[in-house]
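[1] Have a look; sequence and predicted model below, questions after that.
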Amino acid sequence: MVLWSYRTTPQKSTKETPFSLTYGTEAMLPMEVAVNTLRVANQDEESKTQDLRINLDILEEKREESGVRQVAYKHATKRYYNQRVKEKAFKVGKYVLRKNEASRAQPQGKLGPTWEGPYRVTEANRNGAYVLETMEGRPFEEHGMLGT
């Protein structure tokens, strides 16, 4: 029943149901066929066949339109998310803490430490990666993103 509900509900990103994008027509509930509703009773076999052929003819166009809508939706979601992200840049010589989950140097858990360090930034790359060294001046063996 859950799958049926998902497949027959218009998705926010495509504004189409997965069922209609797959089969080219909207799904009928089993109850509609059993009770013989207006949707079923008012159609003869020839008009049903003709409607199905028309739906199949426009199916590719419908899929392309929903693909364009999905790309636009993803772009809008990305823009919304990126507006709220605060970039943080660290300068060479600054002291930083590193998230423990990045290296799992110490056991994690509910009461485990969240941060490890401090480390000194020795090099800042353009892609947001940093080269670190320990407080004793030894190069840190891992390169990677710092937790903010």
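    Okay, I see it.
[2] Quick check: neighbours of the longest strand along the chain in the sheet, parallel or antiparallel?
    If you go by DSSP state E, the chain has its longest strand at strand 115-124. Looking at strand 115-124 with DSSP bridges, its paired strands and their directions are strand 95-99 (antiparallel), strand 130-133 (antiparallel).
[3] Tell me if Gly137 really is in a strand.
    No: counting by DSSP: H, G, I helix; E, B strand; the rest coil, Gly137 falls outside a strand, being coil.
[4] Contact partners for the spatially most central residue of the chain?
    Nearest to the centroid of the C-alpha atoms of the chain, with distances taken as Cα atoms, centre = their mean, sits Lys74, at 8.0 Å. Shown here is Lys74, whose contacts under the criterion Cβ atoms under 8 Å, 6 or more residues apart in numbering are Ser13. All C-beta spots, glycine's among them, are computed from the backbone N, C-alpha and C.
[5] Quick check: it is in a helix.
    Yes: looking at Lys74 with three-state DSSP, it is inside a helix.
[6] Can you tell me how far it is from Arg53?
    Lys74 sits 33 Å away from Arg53, taking Cβ to Cβ, to the nearest Å as the criterion.
[7] Could you do Lys88 as well?
    Taking Cβ to Cβ as the criterion, Lys88 is separated from Arg53 by 58 Å.
[8] cool, Arg98 as well?
    Taken as Cβ to Cβ, the span from Arg98 to Arg53 is 62 Å.
[9] neighbour count winner among these two?
    Higher neighbour count among Arg98 and Arg53: Arg98, with 21 against 10, using other Cβ atoms under 10 Å.
[10] wait, that one sits on Thr114?
    No: when contacts are counted by Cβ atoms under 8 Å, Arg98 is not listed as touching Thr114 (10.3 Å).
[11] Please enumerate the helices of the chain.
    Taking DSSP state H to define them, one finds helices in the chain at 2-7, 18-23, 30-35, 38-41, 45-57, 59-84, 100-103.
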